[in-house]
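**Student:** I would like the atomic coordinates for the input below:
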Amino acid sequence: MSSTQQQQHDEPAFRDVYSHPAAVAYAAAHPRRTIPRFGPYLLLQTLGEGEFGKVKLGLHQQWGEEVAVKLIRRGNIDSSVRMAKVEREIEVLRTLKHPNIVRLYDVIETDKYIGIILEYASGGELFDHILAHRYLKEKDAAKLFAQLVSGVWYIHQKKIVHRDLKLENLLLDRHRNVIITDFGFANRFEHRADDLMQTSCGSPCYAAPELVISEGLYVGSAVDIWSCGVILYAMLAGYLPFDDDPANPDGDNINLLYKYIVNTPLSFPEHVS
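**Tutor:** Have a look, this model is predicted:
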């Protein structure tokens, strides 16, 4: 590589990172606030909140690259079990490389925080995408579902189960491709017996019947596949197939929800072929 080519390769995308549109928008929304930094990144708006902290939009100060920074406050990790969960998520992400699975770029540790630097999916949550359209056309749902299944098949081949697949954990990139994220409940299994699992994880509306009828062992990969089916239904119908009270969607009757999951015949809207 010539010196000119090397200079072009090393030249930052933004000579002044504060002129990046994301930084300009943040400064306009918070005129009296200094933009915080974490490692080589500016920390901009909050993208979401998790069990141990917030996810921020990060902007690399030299290259202007947008990332998602999952900031885990050490003070929130108050047990060895919680620390093991964080370490397992990082370890799982390090092993994954698939176009429909969020990429791990780096892990930055300070006295107060563990920062997990992830791919930024600028298209937002699949959940919001469905709400904006009421429901998805079958060809659009088929494309997204194929990408979801591809990613889930890949992690299962890696002997990993996600255990919290839901619309809120599926993001869209700028090309409207699915990105599977949030591996906080992920774990490994052995193929010989599919390593029957005991810890129930995930969101109740996406729970497989075997999680509902028993608190015993279950097959982790099968639970992921059930959740994929719930997601497909939601894409096509615009709502989840099972609710604790369809007349009161904001209700919170878990026992009634579980009864519906086990006993209610599944029906589809008329517009679904």
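**Student:** check contacts around Pro31.
**Tutor:** Applying CB atoms under 8 Å, 6 or more residues apart in numbering to Pro31 gives no contacts. Where you see a C-beta, it was placed from the backbone N, CA and C, and this is true even at glycine.
**Student:** in space, what's closest to the spatially most central residue of the chain - neighbours in sequence excluded?
**Tutor:** The residue lying closest to the centre of the chain (CA atoms, centre = their mean) is Thr181, at 2.5 Å. Closest residue in space to Thr181, ignoring its immediate chain neighbours: Val102 at 4.3 Å, by CB to CB, 6 or more residues apart in numbering.
**Student:** roughly how far apart are that neighbour and Pro204?
**Tutor:** Relative to Pro204, Val102 is positioned 24 Å away (CB to CB, to the nearest Å).
**Student:** looking at those two, which is more packed in?
**Tutor:** Val102 (24 against 15; other CB atoms under 10 Å).
**Student:** one step back: next, the residue nearest to the centre of the chain: phi, psi?
**Tutor:** phi -130, psi -180 (degrees, to the nearest 10).
**Student:** tell me who's in contact with it.
**Tutor:** Each residue near Thr181 by CB under 8 Å, 6+ apart is listed here: Val102, Leu118, Ala121, Asn169, Leu170, Leu171.
**Student:** now do the helices in the stretch 151-273 of the chain.
**Tutor:** 209-213, 220-237, 254-263 (DSSP state H, counting those that start in this stretch).
**Student:** looking at the ones you listed, which is nearest to Pro40?
**Tutor:** With CB to CB as the measure, helix 220-237 is the member of the helices of the stretch 151-273 of the chain nearest Pro40 (35.0 Å).
**Student:** return the residues in contact with Ser80.
**Tutor:** Residues near Ser80 by CB under 8 Å, 6+ apart: none.
**Student:** gap between it and Leu104?
**Tutor:** Counting by CB to CB - Ser80 and Leu104 are separated by 23 Å.
**Student:** need the helices of the stretch 151-273 of the chain in a markdown table with distance to Ala27, mean neighbour count and mean pLDDT, can you?
**Tutor:** Listed next are the helices of the stretch 151-273 of the chain as a markdown table, based on distance: least, CB to CB, whole Å; neighbours: other CB atoms under 10 Å; pLDDT from 0 to 100:
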| stretch | distance to Ala27 | mean neighbour count | mean pLDDT |
| --- | --- | --- | --- |
| helix 209-213 | 46 | 16 | 76 |
| helix 220-237 | 37 | 20 | 94 |
| helix 254-263 | 44 | 15 | 83 |
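**Student:** please consider this matter closed, and thank you.
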